[in-house]
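Undergrad: Whatever this is, show me its structure:
(chains A and B)
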Amino acid sequence: MWDLFVSIFTNALLWIYNLVGQNFGVAIILFTILIKVATWPLNAQQLKGAKAMQDLQNDKDWQAIQKKYAKDKEKLAQEQMRVYREKGINPFGSCLPTLIQFPIIIALYRSITQALASTPLDLLKLSRSINADFLDVANLIPLKSNFLWMNLGQPESVHIPGLAFGIPTLAIVVAATTYIQSKLTMPASTNPNDQSAAMGQSMAYTMPLMLGWFALTFPSGLAVYFITSNLLGIVQYAMQGKANWSNLLPKGMRPS
Amino acid sequence: MRKKLLFISMVLLSAVLLSACAGGAIRGSSWPGLTADGDIAYLANGGLVYAVNLKDGKEIWHYPASASSKQVFYAAPVVTEDGLIIVGSAGTEHSMIAINPADINPETNSPLEAWTFADATDHWVASPLVVGDKLFAPNADGNLYILDLSDGRSQKQSVAVVELAGRLWAQPATDGEHVFVTSLDHSIFAVDVKTYEIVWHEEVGGAIPGSPTIGADGMLYVGSLASQLEQFDPQTGKHTSVLDAEGWIWSTPVVDGDTLYFGDLKGNFYSFSTSTGELNWSAQPDGPITANAIVQNDHILLATESGNIYALDKDGKTLWFEDIRDEKLNGKIYTSPVVASDLILIAPLETDFNLTALDTNGRTVWTFVPEK
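TA: Model prediction:
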């Protein structure tokens, strides 16, 4: 079942690759846009749920029951559920869309790495996952993995004369765009005990490091996907009016 | 606090999961490379290269002392006249190594390197070819690296780098004047063995994952993923398609007089006459064929992906077949079998043993399972 899911993604990716004159970099970008558009409602729902939970943290009634039932966890849970019901908030509203998207992200990732088959066994598997009815497999294989200055099947780095090591520009851009995206989606919180704000802070530093590490060590085709996905995420937040641009400024310079 | 810990744990778990998925993409995974010399078989099987005694199937040594993702070996090792074992890595380090089995580290019982070559920028999937004192080594970065085996250096530098095209996955062939190199980029190149210049370059309809072979008629033959057997004039590169196969041709055609034997990925096995240019016969064993056939005396030995070894006579009649699959595991054969010391050596994938030796009647003599 999972292999079938990945195979559908791989075929779609290769179909786009063929359509755009066998440019795998452009194919990854277009396919990522397609996936982002398809999952737009899920992302919107996630943003909405996250905002509702954020607002709740600053709600006076909510803070009051946190204080009142701090020592009675069972009663606290009951009261929290009551508030959720009254305000029409689904506590899993922000998590569920993310969970649904997770297999999509993994499948996209798998299809990119599968399409870049780097060994004979990988190529054999790729040949069997392509639908020969609508793709000219013999002509398509192997994929042309060069895009701009990169080999999409290899980790990227730019070598500057005089430097003994390469500069991983793509990994830096991945980390930077992930950081910006995380900061933009972080609403200002006035509550010092706000757990979701604390999680957001952790995420703003953990995710860029994690994705930057992936971009540093894995094929650069994946980094192209991360960057495209991050930029589209930022565009979506901005279009929905959710982007908190002031978060990008140093703390002292933020408008009060 | 608990939620924060849960979140961080989930992020780390995602990282581990993605790393696990991606590991395959970076290191690559493939079928083992197998070769034999005298009474020893050399098996390149992922993180380790094993030397196995053909008399009893016991390990003599393995290299390196412990496996890592830096060095991963799938290309069939090449044994030089002075006894070095040359093998390239498809790991994160793209090094080619000459193992010296006469120089064993007493602490690890693992042999040391006689030399290494680290200038390639991509995986070593192809075995190199030794021509005199030169090593012609095609890399997946599209370059043919030529090394001098007699320069005495421990850190080799290439004598010449010939820029070809596409990923070079197959061991070259030579007619003494040229080295013929196939590419996944639908191309075949003839490189002058002395000047290292490209003499000719031709394209076919599909990728060429297998090696070329020189027939008894002096012509060059190669199969492609366009399902065609191509014939080339080794001097000029002039070529023509001589046979349309049903499936992709991955294996290298094997020469027996004026006959070529090869299989395809649709599970057909062909006998082709180079003197008449006609198909003698074709057979349908039980699965796709990536492995090269072997002609041994009056038998033709072939292995299928399904895990069976077939012995055919030269009219295509099955003499015997052996299922090497474990009762519980679906062992598959992609690696070309090797005949040595009257044994047929098979290196299957997805079984609980890494190497098995059959006698000439297909009966198992021993199986090799590495110590853990």
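
Undergrad: chain center to the helix or strand containing residue B:113, what's the gap?
TA: Using DSSP states H and E, residue B:113 sits within strand B:110-117. Distance of strand B:110-117 from the chain centroid (Cα atoms, centre = their mean, to the nearest Å) equals 21 Å.

Undergrad: So what are the sheet partners of the very next helix or strand once past it and their directions?
TA: Going down the chain from strand B:110-117, the next helix or strand is strand B:129-131, by DSSP H and E. Strand pairing for strand B:129-131, using DSSP bridges, gives strand B:134-138 (antiparallel).

Undergrad: Check for me that residue A:76 belongs to a helix.
TA: Yes - the assignment for residue A:76 is a helix, going by DSSP: H, G, I helix; E, B strand; the rest coil.

Undergrad: for chain B, where's the lowest mean pLDDT among helices and strands?
TA: Lowest on mean pLDDT, DSSP states H and E among the helices and strands of chain B sits helix B:2-27, with a mean of 49.

Undergrad: Close to chain B: what parts of the stretch 151-256 of chain A are there?
TA: Within the stretch 151-256 of chain A, the residues that sit near chain B (Cβ under 8 Å from any Cβ of the partner chain) are A:151, A:154-155, A:195, A:198-199, A:202-203, A:206-207, A:210, A:213-214, A:217-219, A:222. Glycine gets a C-beta too; all of them are placed from N, C-alpha and C.

Undergrad: re earlier: quick one: list the elements packing against the strand holding residue B:113.
TA: When contacts are defined as 3 or more Cβ pairs under 8 Å, 6 or more residues apart in numbering or on different chains; DSSP states H and E, strand B:110-117 packs onto strand B:59-63, strand B:96-105.

Undergrad: Work out the gap between the last one and the centre of the chain.
TA: For strand B:96-105, the distance between its averaged C-alpha position and the chain's averaged C-alpha position is 21 Å (Cα atoms, centre = their mean).

Undergrad: Now do it against strand B:134-138, angle only.
TA: 120 degrees (axes from the mean of the first three to the mean of the last three Cα atoms, to 10 degrees).

Undergrad: list the buried ones in strand B:96-105?
TA: Across strand B:96-105, burial judged by 16 or more other Cβ atoms under 10 Å in any protein chain shown covers B:96-101.

Undergrad: what's around residue 40, how many residues?
TA: In the absence of a named chain, this looks at chain A. A count of neighbours around residue A:40, defined by other Cβ atoms under 10 Å in any protein chain shown, yields 14.

Undergrad: Actually, chain B is the one I wanted.
TA: Neighbours around residue B:40, by other Cβ under 10 Å: 20.

Undergrad: for the closest residue to it other than its chain neighbours, which residues make a bridge with it?
TA: Residue nearest to residue B:40 in three dimensions, not counting chain neighbours: residue B:51, with 5.4 Å by Cβ to Cβ, 6 or more residues apart in numbering or on different chains. Assessed by DSSP bridges, residue B:51 has beta-bridge partners residue B:42, residue B:61.

Undergrad: mind checking how far residue B:51 is from chain A?
TA: Using Cβ to the nearest Cβ, to the nearest Å, we find residue B:51 at a distance of 23 Å from chain A.

Undergrad: Now tabulate the buried residues of strand B:96-105 in a markdown table and tack on pLDDT and distance to residue B:179.
TA: Below are the buried residues of strand B:96-105 laid out as a markdown table (pLDDT from 0 to 100; distance: Cβ to Cβ, whole Å):
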| residue | pLDDT | distance to residue B:179 |
| --- | --- | --- |
| B:96 | 98 | 17 |
| B:97 | 97 | 21 |
| B:98 | 98 | 19 |
| B:99 | 98 | 24 |
| B:100 | 97 | 26 |
| B:101 | 96 | 27 |
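
Undergrad: and of those residues, the nearest to chain A?
TA: residue B:96 (16.6 Å; Cβ to the nearest Cβ).

Undergrad: show me the residues around residue B:364 that make contact.
TA: When contacts are counted by Cβ atoms under 8 Å, 6 or more residues apart in numbering or on different chains, residue B:364 touches B:322, B:324, B:356-358.

Undergrad: Could you list which of those residues also contact chain A?
TA: Applying Cβ under 8 Å from any Cβ to the contacts of residue B:364, none is adjacent to chain A.

Undergrad: closest to residue A:118 out of the helices and strands packed on strand B:110-117?
TA: Residue A:118 sits nearest to strand B:96-105 of all these, at 17.1 Å, using Cβ to Cβ.

Undergrad: So which other helices or strands are in contact with the closest one?
TA: strand B:59-63, strand B:85-88, strand B:110-117.

Undergrad: next SSE after the first one?
TA: Remark: after strand B:59-63, the chain's next helix or strand is strand B:78-79, criterion DSSP H and E.

Undergrad: what does that following strand contact?
TA: By Cβ under 8 Å, 6+ apart, the list of residues contacting strand B:78-79 reads B:35, B:37, B:42, B:85-87, B:127-130.

Undergrad: Kindly report the same for stretch B:210-219.
TA: The contact list for stretch B:210-219 (Cβ under 8 Å, 6+ apart) reads B:170-173, B:175, B:180, B:182, B:188, B:220-223, B:231-234, B:249-255, B:257-258, B:260, B:274-275, B:292.

Undergrad: With that, I have no additional questions.
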